[in-house]
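Asker: fold the following for me, if possible:
(chains A and B)
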Amino acid sequence: MSEDVEQAGIAAEVARMSDEQRTEHNIEVAELVAPDRPVEVDVGATLLELREVSMRFGGLVAVDDVSFNIRRGEILGLIGPNGAGKTTCFNLMTGVYRPTGGQILLEGKKLGRRKRHRITRMGIARTFQNIRLFGEMTALENVVVGADARHRTSVPGALVRSPRHFREERDAVERASALLEFVGIADRAADKARNLPYGYQRRLEIARALATEPKLLCLDEPAAGFNPAEKDDLMGLIRRIRDDGYTVLLIEHDMRLVMGVTDRIVVLEFGRKIAEGLPADIRDNPAVIAAYLGVPDDAPA
Amino acid sequence: MSVPGSSRLRRFRDRWNTLSRPQQWLALVPVVVLIYFIPVIDPPLLTTEPFTNFPIAMVHAAELALVAIGLNVVVGQAGLLDLGYVGFFAIGAYVAALFTSSDSMLHKLPYLATLPLAMGVTMIAGVLLGLPTLRLRGDYLAIVTLGFGEIVRLMATIVPQLKGQPGFQGVGHPPGTEADGQLIFSVSNGTPWYWLVVTLIIVILLLVGNLERSRVGRSWVAIREDEDAAQLMGVPTFKFKLWAFAIGAAIGGLSGALVAGQTGYMNNANFSVSFSVLYLAAVILGGSGNKVGVMLGAFIVSYIPDRFTNLSDRKYLIFGLFLVVLMIFRPQGLLGARQRLLARGRQAYQRLVGRPEQISNESSVASAGSEGA
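Answerer: Numbers count the residues shown, from 1 in each chain, chains lettered A, B, ... in the order given. Here you go, the predicted structure:
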């Protein structure tokens, strides 16, 4: 048994640390995770801008003339009842759909007709409402795929095992290991993603998205299916991600979580933006309350 | 699963995975030596004689193994269902025939020079087929590639320069004569051809392994697992699907050129759709996504008909029954998919969790069980 502990590597080591050591360790990890990330000097400046964005599917208007900004360094909540167009918004930002009207700009550059992987390289990464990991890959390999978004080795380099290939491999594995520790699942790094517990899978998705070195991290209902304690852990993780200098866009149904972790909230209903503001204001906003609880027929919308 | 031997296989595999890389290489040396000398040894139970000359049967198996390795890149690793793989095989074979046969009007080249040429030409063919079709997925891609295979076959029939049914006699072979003046690489002598093909297989395996443990291999598996998610994680999916097609095609072309040289003739009868299906059967039977598995599958697919030639048509009945039974009990193939996708994975896993990564699903269940116990 004692041999097991000795062999169990970094995960066990972290578990044995004192709180102080652990904080220090976390800072080291954070530096490893994103060594080249520019220090966020422009906190508060616009990072992503949706300009009168619309999305029609045939006769259905899923997103209707929506405009809002995401500012550097904030956690923005995107909420709304089922079918309000939240996930469609995500899909528009990440290039899954192209808007039928309006523009989306990242740091002033239009996403335009860029391919999805190019948008990822521009700096938008996401997780999925229904977990979509690469099930037959190990946890570590999943995260390395994310890190590969910044790499350039292709078939010729890999065939002859060029120096760049080795440099990128080493870099990717180091960063991916650090990220697994950061989200707290390093102890299962060697397991296939499909065999991980549900909570681990959710965290693995976040680690994989972070590995692409995004400027904006979009989380699509990351707490779905979590119990209250797990949700608290997740809130802590999202805050730590922000404190590391990432900007976070969060879709979430759980009001306690949204109110607890976001800096600002945008509310959608039937594809339109009905409110935007600080969590406290949103909580008291009559239109938002009406959207969630319903209103009598004669009341103003 | 319910196959009795599988737990022993699992234990063997887990032990194998704990060996270091040099240890694995060392352990492989006797295996490789044995494989090289099989046609010379002609083991009593394994032999296909008197029905089929044993070295010739082994060449057939090795050639099919090479085809399966190529098809495995496309189907097993990148997850692209290609039903027209025989088309690439045919192109490679015709390149070798056109440039070496006495029946051809083209400039003659040394046979060995046509091997890289065949790879290059089929690679281009793979890219040309892939450019318009790789936007399609799944079943649609399968149908389009099926059409491609037929087009190649029909071209061989229709285009006069490709000589259709009469085909090409006297396709070239590597140089060299024995002391008594006999050709080393003659049509009737399988062993030298077998050695050539096995050597090429080893080279190709090393190269494909390099690709697997790199960004390329990871992209392929990511595409196979979830193409949309792969794109959103920054994988240039179209580019890497095209590469998979091109590399698969090149290996198919190489095996085509080898078969043309070894049989010494080439006509349009060798490229029907049923061959594509047979190749696919080898890959799926052995274990799609497992290089050792697909070679094993290729060996079985090639060996059974050669071994039971005396049963004439019934040999395919046996073969068919075997396939059905195997697919019922082991839908993942004889050896399930496995891959190592990191060039520096060993050290990383050792550092992180103190044990090697989980490669196959069976051993995962086993290790999860032993952890719980």
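Asker: for the stretch 1-150 of chain A, what spans make up the strands?
Answerer: Along the stretch 1-150 of chain A, counting by DSSP state E, counting those that start in this stretch, strands occupy A:46-57, A:60-71, A:75-79, A:101-106, A:109-110, A:124-126.
Asker: list the helices and strands the second one packs on?
Answerer: Read it as strand A:60-71. Here strand A:60-71 touches strand A:46-57, helix A:86-93, strand A:101-106, strand A:247-251, strand A:264-269, strand A:272-277, going by 3 or more C-beta pairs under 8 Å, 6 or more residues apart in numbering or on different chains; DSSP states H and E. In this view, the C-beta of every residue, glycine as well, is placed from N, C-alpha and C.
Asker: which one of those lies nearest to chain B?
Answerer: Across the helices and strands packed on strand A:60-71, chain B has its closest neighbour in helix A:86-93 (9.6 Å, C-beta to the nearest C-beta).
Asker: do the closest one and chain B meet at all?
Answerer: No - using C-beta under 8 Å from any C-beta of the partner chain, helix A:86-93 never reaches chain B; the gap is at least 9.6 Å.
Asker: what's the longest helix in the chain?
Answerer: By default, I'm working from chain A. helix A:163-183 (DSSP state H).
Asker: actually, chain B is the one I wanted.
Answerer: helix B:237-263.
Asker: from the strands of the stretch 1-150 of chain A, which stretch is densest packed?
Answerer: Looking across the strands of the stretch 1-150 of chain A with neighbours counted as mean count of other C-beta atoms under 10 Å in any protein chain shown, the highest average goes to strand A:124-126: a mean of 27.
Asker: sheet-wise, list the partners of that strand with their directions.
Answerer: Strand A:124-126 pairs in its sheet with strand A:216-220 (parallel), by DSSP bridges.
Asker: so what touches the partner strand?
Answerer: A:47-48, A:70, A:86-87, A:90, A:93-94, A:106, A:123-129, A:206, A:209-210, A:238, A:241, A:246-252 (C-beta atoms under 8 Å, 6 or more residues apart in numbering or on different chains).
Asker: using CSV, write down the CA coordinates of it.
Answerer: What follows is strand A:216-220, C-alpha atoms only, in CSV (Å, rounded to 0.1, in the frame of the first residue of the first chain):
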residue,chain,number,x,y,z
LEU,A,216,-12.7,34.1,-23.9
LEU,A,217,-13.8,30.9,-22.3
CYS,A,218,-17.5,30.0,-23.0
LEU,A,219,-19.0,27.5,-20.5
ASP,A,220,-22.3,26.0,-21.5
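Asker: what angle do it and strand A:75-79 make?
Answerer: Interaxial angle of strand A:216-220 relative to strand A:75-79 (axes from the mean of the first three to the mean of the last three C-alpha atoms, to 10 degrees): 30 degrees.
Asker: would you mark the buried spots in strand A:216-220?
Answerer: A:216-220 (16 or more other C-beta atoms under 10 Å in any protein chain shown).
Asker: what subset of the contacts of strand A:216-220 is buried?
Answerer: A:47-48, A:70, A:86-87, A:90, A:93-94, A:106, A:123-128, A:206, A:209-210, A:238, A:241, A:246-252.
Asker: what about the one residue in the stretch 51-200 of chain B that gets nearest to chain A, neighbour count?
Answerer: Closest approach between the stretch 51-200 of chain B and chain A, counting by C-beta to the nearest C-beta: residue B:79, at 10.2 Å. Per other C-beta atoms under 10 Å in any protein chain shown, the neighbour tally for residue B:79 reads 21.
Asker: before we move on, what about residue B:308?
Answerer: Counted with other C-beta under 10 Å, residue B:308 comes out at 18.
Asker: cool, and residue B:181?
Answerer: 6.
Asker: quick one on the thing from earlier: mean confidence score for the longest helix of chain B?
Answerer: The average pLDDT within helix B:237-263 is 95.
Asker: what's the longest helix of chain A packed up against?
Answerer: helix A:10-16, helix A:19-33, helix A:139-148, helix A:155-159, helix A:198-211, helix B:345-353.
Asker: tell me the pLDDT of residue B:160.
Answerer: The model's pLDDT for residue B:160 equals 82.
Asker: low pLDDT regions in chain A?
Answerer: A:1-12, A:14-15, A:18-19, A:22-42, A:295-301 (pLDDT under 70).
Asker: residues from the stretch 151-300 of chain B in reach of chain A?
Answerer: Residues of the stretch 151-300 of chain B lying near chain A (C-beta under 8 Å from any C-beta): B:207, B:210-211, B:214-219, B:221-222, B:224-226, B:228-237, B:239, B:243, B:247.
Asker: can you list the helices and strands packed on strand A:60-71 in a markdown table and add distance to residue B:185?
Answerer: Listed next are the helices and strands packed on strand A:60-71 as a markdown table, based on distance: least, C-beta to C-beta, whole Å:
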| stretch | distance to residue B:185 |
| --- | --- |
| strand A:46-57 | 63 |
| helix A:86-93 | 59 |
| strand A:101-106 | 61 |
| strand A:247-251 | 65 |
| strand A:264-269 | 72 |
| strand A:272-277 | 75 |
